[in-house]
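need coordinates for the following:
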Amino acid sequence: MDDLKTSLSLSQQARYQQVFDVMPTGVLLLDATGRILDANPEAHHLLDEPLIGERWIDIIKRAFAPQDDDGHEVSLHNGRKVKLAISASSEGQLIFITDMTETRLLQSRLSELQRLSSLGKMVASLAHQVRTPLSSAMLYASHLGSEQLAPATRQRFQGKLVDRLHDLEKQVSDMLLFAKGGDNKVVTRFSLESLLNCLEAMIEQPVIHHQIDFSIDCDDESCCLLGNENALASGSVTW
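Sure, this is the predicted structure:
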């Protein structure tokens, strides 16, 4: 009977060891003093040698290199990102180390694809947004070609033309900033009065050209907004 129990015990230990060795997560077994008693192959792969007999605090200093963008994971010196789970008892600790590198890369790629999708939509809407200042600029430029234009009027048209060209420049600059790193870089705080003034300047020449009776009635122009003033004004115009 004792031999049978011993045989069963050894068989059970062998199964436990097999499971321990093939686990996809790194596992460290620490004693009460914080020294590593055992480590599976995945732990050796992630943290390098030596591990057995070393203090966990020394392994942290040797293998870990925290970064500002770690979040819930921790970076290693070898560039990989891992997630730690610790189970403690009076006899020691059991530490699980999960490699999150591929998951983080997939998340980064997904974020990049989403940003590129947003960029594509922005580029598609850019044609509509630049149409109004471009039409205005072309009208002002055509007026400047008239020989009968008074000097004061010519100077005013030149100023209007430059303003519309600046609008176009802002649109292109906003798109380039978004392409480099997202739309957070093109968001500013501005007043409703400033937005309406920008909108009025954009549509002044088309309103005159199409003989449209246009006026703005706003109860409170002092309120502030957060966004892209130029893009919002351009997107509000449809011709």
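
going by C-alpha atoms from here, please, whenever you check contacts or count neighbours.
Noted.

looking at this protein, which helix is longest?
Secondary structure of the chain per DSSP state H: the longest helix is helix 101-144.

what angle separates whichever helix or strand comes after that helix from helix 101-144?
Where DSSP states H and E defines the elements, the next helix or strand beyond helix 101-144 is helix 151-181. For helix 151-181 and helix 101-144, the angle between their directions (axes from the mean of the first three to the mean of the last three C-alpha atoms, to 10 degrees) works out to 170 degrees.

helix 151-181: which residues count as buried?
154, 157-158, 160-161, 163-165, 167-168, 170-171, 174-175, 178-179 (16 or more other C-alpha atoms under 10 Å).

cool, stretch 41-51 as well?
Buried, per 16+ other C-alpha under 10 Å, within stretch 41-51: 41, 42, 43, 44, 46, 47, 51.

bridged to residue 85, which residues?
Counting by DSSP bridges, residue 85 forms beta bridges with residue 96.

identify the residues contacting it.
95, 96, 97 (C-alpha atoms under 8 Å, 6 or more residues apart in numbering).

and it, how close does it get to residue 50?
For residue 85, the distance to residue 50 equals 21 Å [C-alpha to C-alpha, to the nearest Å].

next: residue 224.
60 Å.

shouldn't residue 42 be in contact with residue 20?
No: the pair residue 42 / residue 20 is not scored as a contact, 9.7 Å apart, by C-alpha atoms under 8 Å.

shared neighbours of these two, anything?
Common neighbours of residue 42 and residue 20 (C-alpha under 8 Å, 6+ apart) are residue 27.

so who does residue 51 touch?
Per C-alpha under 8 Å, 6+ apart, neighbours of residue 51: 36, 39, 44, 59.

out of everything not next to it in sequence, what's closest to the third one?
The shortest distance from residue 44 to any residue other than its chain neighbours is 7.1 Å, reached at residue 51 (C-alpha to C-alpha, 6 or more residues apart in numbering).

show residues contacting stretch 21-35.
20, 36-44, 46, 52-57, 90-99.

typed the wrong thing, it's stretch 13-20
Contacts of stretch 13-20 (C-alpha under 8 Å, 6+ apart): 27, 40.

which element is residue 57 on?
Using DSSP H and E, residue 57 sits in helix 56-63.

picking up where we left off before, can you verify the residue nearest to residue 44 is assigned to a helix?
No: secondary structure of residue 51 (DSSP: H, G, I helix; E, B strand; the rest coil): coil, not part of a helix.

tell me the pLDDT at it?
Looking at residue 51, its pLDDT is 91.

could I get the phi/psi values of it?
Phi and psi for residue 51, reported as degrees, to the nearest 10, are phi -130, psi -50.

care to break this protein down by domain?
2-99, 120-235 (automatic domain parsing).
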